[in-house]
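**Q** Got a predicted structure here, sequence first:
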Amino acid sequence: MLEGKKALVTGASRGIGRAVAERFLAEGAAVWGVGTKEPADLAERVEQSGGRLHWRSADLSALDGVERLVEELVAESGGFDVLVNNAGITRDNLSLRMSLADFQKVLDLNLSAAFIVARVVARDMIRRRRGSIVNMASVVGIHGNGGQANYAAAKGGLIGVTKSIAAEVASRGVRVNAIAPGFIATDMTAAMTEDAKEKIASAIPLKRLGRPEDVAALAHFLGSDESAYITGQVIPVDGGMFF
Ligand code: NAP
């Protein structure tokens, strides 16, 4: 339950972030969602939530503006109890062919922006001596993946950031954990052929791709007081892909 809690969810327009926002609203939270553009069905969603869904369009890869944006959202909300640092992109290519621009672009959003958002929110959580930060990493950040050196660097870096901030803020009552999703069916993975997806699913012990809701369930647990004694952890949601 997140009754009466306030949550900031980045990348809340589609995929995993949207499922997290919907789950949090269903659990009673007020949610501030961020994405590059307003979702087409925003008005309906705000109405369905009874006005508990708030939206801010922003490009978080424009790093210069991120601190101020998050400070504004903290002030507007009165302070967040939960942050889900979820916005992310891929720009896949073999390392020998990857442009430095694509390497940097993925690091900017998936790592640097997430770091800036986390520390602005953490500053306020520390003052209020409570809060839970959930960073959306990836199994690729733990194991690496051919064609994704930029993404692996960013998600591996985010895991390091998670553990480091967790160590810094634990004594102030703030928890920081990371989720490492495996292969989740969203726009990010939609470009693959059905054949390729079937091959991947058959290699996963639970024999299916993950759903955004599978990840949202863990985000809810980590965001809620049910996980009050868990911090500094990286928890996979991968259908058993890597056990
Ligand atoms: P998705 O469907 O592509 O959604 C990405 C979200 O991030 C969208 O809401 C998008 O907003 C937002 N976003 C993208 N660029 C942004 C920017 N510059 N500024 C602000 N928001 C931005 O991706 P997903 O699969 O749900 O992935 C969500 C997170 O889970 C990512 O961090 C991803 O790396 C991670 N993850 C995914 C998988 C998977 O298999 N799908 C596996 C492991 C980890 P707009 O709609 O406005 O562009």
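**A** Sure thing, it's come through. All of these numbers come straight from a predicted model, not from anything done at the bench. Numbering: from 1, shown residues only.
**Q** Identify each buried residue in the lowest-mean-pLDDT helix or strand in the chain, please.
**A** Sorting the helices and strands of the chain by mean pLDDT, DSSP states H and E puts helix 194-203 at the bottom, at a mean of 93. Buried positions in helix 194-203, judged by neighbour count with 16 or more other C-beta atoms under 10 Å: 197, 200-201. Quick note: C-beta positions are derived from backbone N, CA and C, even for glycine.
**Q** Tell me if the top strand by length along the chain is near the ligand.
**A** Secondary structure of the chain per DSSP state E: the longest strand is strand 174-181. Yes: using C-beta under 6 Å from any ligand atom, strand 174-181 reaches the ligand at P181.
**Q** Give the burial count for E38, as a bare number.
**A** 13 (other C-beta atoms under 10 Å).
**Q** Nearest residue to it in space, please, no chain neighbours.
**A** S57 (5.3 Å; C-beta to C-beta, 6 or more residues apart in numbering).
**Q** And for G28?
**A** In this structure, G28 finds its nearest non-sequential neighbour in E3, 3.6 Å apart by C-beta to C-beta, 6+ apart.
**Q** Identify the residues contacting the one you found.
**A** When contacts are counted by C-beta atoms under 8 Å, 6 or more residues apart in numbering, E3 touches 27-29.
**Q** Show me the one in the residues you listed that has more neighbours than the rest.
**A** A29 (27 neighbours).
**Q** so who does it touch?
**A** By C-beta under 8 Å, 6+ apart, A29 lies in contact with 2-7, 52, 81-82.
**Q** Please pick the buried ones from these.
**A** Buried subset of the contacts of A29 (neighbour count, 16+ other C-beta under 10 Å): 2, 5-7, 52, 81-82.
**Q** circling back: tell me which of the contacts of E3 is nearest to the ligand?
**A** Comparing the contacts of E3 against the ligand with C-beta to the nearest ligand atom places A29 closest, at 17.9 Å.
**Q** Please name the nearest non-neighbouring residue to the closest one.
**A** Closest to A29 by C-beta to C-beta, 6+ apart is L2, at 3.8 Å.
**Q** where does this structure come near the ligand, residue by residue?
**A** For the chain, the residues in contact with the ligand (C-beta under 6 Å from any ligand atom) are 10-17, 34-37, 59-61, 86-89, 109, 136, 138, 181, 183-184, 186-189.
**Q** L206 and the ligand, how far apart?
**A** Distance, L206 to the ligand, by C-beta to the nearest ligand atom, to the nearest Å: 14 Å.
**Q** Please name the residues that touch the spatially most central residue of the chain.
**A** Residue closest to the average C-alpha location in the chain (C-alpha atoms, centre = their mean): N86, at 2.0 Å. For N86, the contact set (C-beta under 8 Å, 6+ apart) comprises 9-12, 16-17, 20, 136.
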